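Enquirer: Here you go, sequence then predicted model.
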Amino acid sequence: MIILSLNIRGFGGPNKISSLKALFSQLNPDIFFIQETLVSRDKAIKFFLQCVPSWNVVALDPCGPSGGLLSGWNPTFVELYALDTLAGIYLEGRIKQSTDIVKLLNCYAPYKDRELLWIPIIRSGLLNEEGIIVGGDLNFTLSTRVVWGDTSRIDTLSDFFTSLIQSSGLVDVQPTKLTPTCRNGRDRVDGMANRLDHFLLDDSLLNNKYKVRSWVINSTISDHNPIYLQLDSFSQKSLPPFKFNSTWINDQDFALLIKQSWNSMRQWTNSSTIQLLCSKLNNLKRAVICWHRDKKVQLQSELLQIDSKKVVIFDKCLTQIFAQVDLETLKILKQEKEKILAIEENTWQLKSRAIWLNSGD
């Protein structure tokens, strides 16, 4: 998966279409984040589709004299839909022919009053989403190593952003060669360059899941250079079938899980009803899989406890007749064990059926 991010400084400038087409031809991205379109949502989409007519696109209107966002993606590679969020364009979906879920936030942070943008995002919990990728002109520098020029200065909010990244479990992906992503275009005395554009990744993506590379692309399309992120999956497994066990219906914990998971999912308005339904079902599926894994461990523990209690009763009654209370206890233990074994039997039947179908018998 290849993601490009660029502050284009307006779609209306000369040679923007030809420059964008050259980027697509050179880098062949799957997803594209654009900041500061400086035109209305409809005009931004129309402009972008002149470069790649077959892509899916969502955009936001600018606020005042700056801003405007656009996110585009190749629908033959990835299936995405836009969700409402406090700032930026949030996309969620999956890579086709893969088990990989994609969560993306295209963000533009104006330099003035930056905390007003980030604090609501922090409170929303969006940055703590598992597998989140944040990209864009984030307008901060974390150290003097990423500031060049005689008039350069330390970012007064570097500690704030360092703490934000660490507390959210994110990783600031360093480009292969540390170069500026933005230059002010002035002469040597007043010239200054910074690394203001970033990709922030949830650290779970780097934990034996993806091989990640990033670099800065030299370009004259604006005073910002595009940043390039490539994620190569270590696993190319096909999407496995979801096996529903009918015995779960009688489990009160399962009913509570369904209710809580369904009601806790964020609502959005920029998607169709069927996309909303599919998103909820996919998220619910992941919640059920995690619940089933934990439940399996719990049932195994309960089986061991039942056997241990039976051993204690039999050891106590080696030379005497069972007392009535022991008989009642053994009866209860037998019933509990039969319930657990029935669940395991149903699970194995589902698994054997899946193997049988896969073998083509």
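Expert: Great, that's in hand. Residues are numbered from 1 along each chain as shown.
Enquirer: For the rest of this, base every contact and every neighbour count on C-alpha atoms.
Expert: OK.
Enquirer: For the stretch 51-200 of the chain, which residues score under the pLDDT cut-off?
Expert: The model of the stretch 51-200 of the chain has pLDDT under 70 over residues 64-66, 84-87, 146, 148-153, 185-192.
Enquirer: List the buried residues for whichever strand or helix holds residue 23?
Expert: If you go by DSSP states H and E, residue 23 is part of helix 16-27. By 16 or more other Cα atoms under 10 Å, the buried positions in helix 16-27 come out as 16-17, 19-21, 23-24.
Enquirer: Which residue ranges of the stretch 101-250 of the chain form strands?
Expert: All strands of the stretch 101-250 of the chain, identified by DSSP state E, counting those that start in this stretch, fall at 101-108, 132-137, 147-148, 170-172, 182-183, 193-194, 197-202, 210-216, 227-233.
Enquirer: which one of these lies closest to residue 154?
Expert: strand 147-148 (7.9 Å; Cα to Cα).
Enquirer: how many neighbours does residue 125 have?
Expert: Residue 125: 10 surrounding residues under other Cα atoms under 10 Å.
Enquirer: got the contact list for the helix holding residue 23?
Expert: Residues from elsewhere that reach helix 16-27 (Cα atoms under 8 Å, 6 or more residues apart in numbering): 47-48, 50-52, 221.
Enquirer: For it, give the mean pLDDT please.
Expert: Mean per-residue pLDDT for helix 16-27: 86.
Enquirer: Figure out how far that helix is from the centre of its chain.
Expert: 27 Å (Cα atoms, centre = their mean, to the nearest Å).
Enquirer: just the buried residues of helix 16-27 now: which is nearest residue 144?
Expert: residue 23 (29.8 Å).
Enquirer: separation between the closest one and residue 196?
Expert: For residue 23, the distance to residue 196 equals 20 Å [Cα to Cα, to the nearest Å].
Enquirer: thinking again about what came up before, could you dump the strands of the stretch 101-250 of the chain to JSON lines with distance to residue 164 and mean neighbour count?
Expert: Converted to JSON lines, those look like this (distance: least, Cα to Cα, whole Å; neighbours: other Cα atoms under 10 Å):
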{"stretch": "strand 101-108", "distance to residue 164": "15", "mean neighbour count": "22"}
{"stretch": "strand 132-137", "distance to residue 164": "13", "mean neighbour count": "25"}
{"stretch": "strand 147-148", "distance to residue 164": "20", "mean neighbour count": "20"}
{"stretch": "strand 170-172", "distance to residue 164": "8", "mean neighbour count": "19"}
{"stretch": "strand 182-183", "distance to residue 164": "22", "mean neighbour count": "20"}
{"stretch": "strand 193-194", "distance to residue 164": "20", "mean neighbour count": "22"}
{"stretch": "strand 197-202", "distance to residue 164": "11", "mean neighbour count": "24"}
{"stretch": "strand 210-216", "distance to residue 164": "21", "mean neighbour count": "17"}
{"stretch": "strand 227-233", "distance to residue 164": "21", "mean neighbour count": "18"}
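Enquirer: between the ones you listed, which gets nearest to residue 28?
Expert: strand 227-233 (10.7 Å).
Enquirer: helices or strands up against the helix or strand following the closest one?
Expert: On the C-terminal side of strand 227-233, the closest following helix or strand by DSSP H and E is helix 252-264. Judged by 3 or more Cα pairs under 8 Å, 6 or more residues apart in numbering; DSSP states H and E, helix 252-264 is in contact with helix 273-316.
Enquirer: what helices or strands is the helix it packs on leaning on?
Expert: So helix 273-316, by 3+ Cα pairs under 8 Å, 6+ apart, packs with helix 252-264, helix 324-359.
Enquirer: Which of the three states applies to residue 79?
Expert: strand (DSSP: H, G, I helix; E, B strand; the rest coil).
Enquirer: I figured residue 136 hits residue 181, correct?
Expert: No: assessed by Cα atoms under 8 Å, residue 136 is found out of contact with residue 181, at 10.8 Å.
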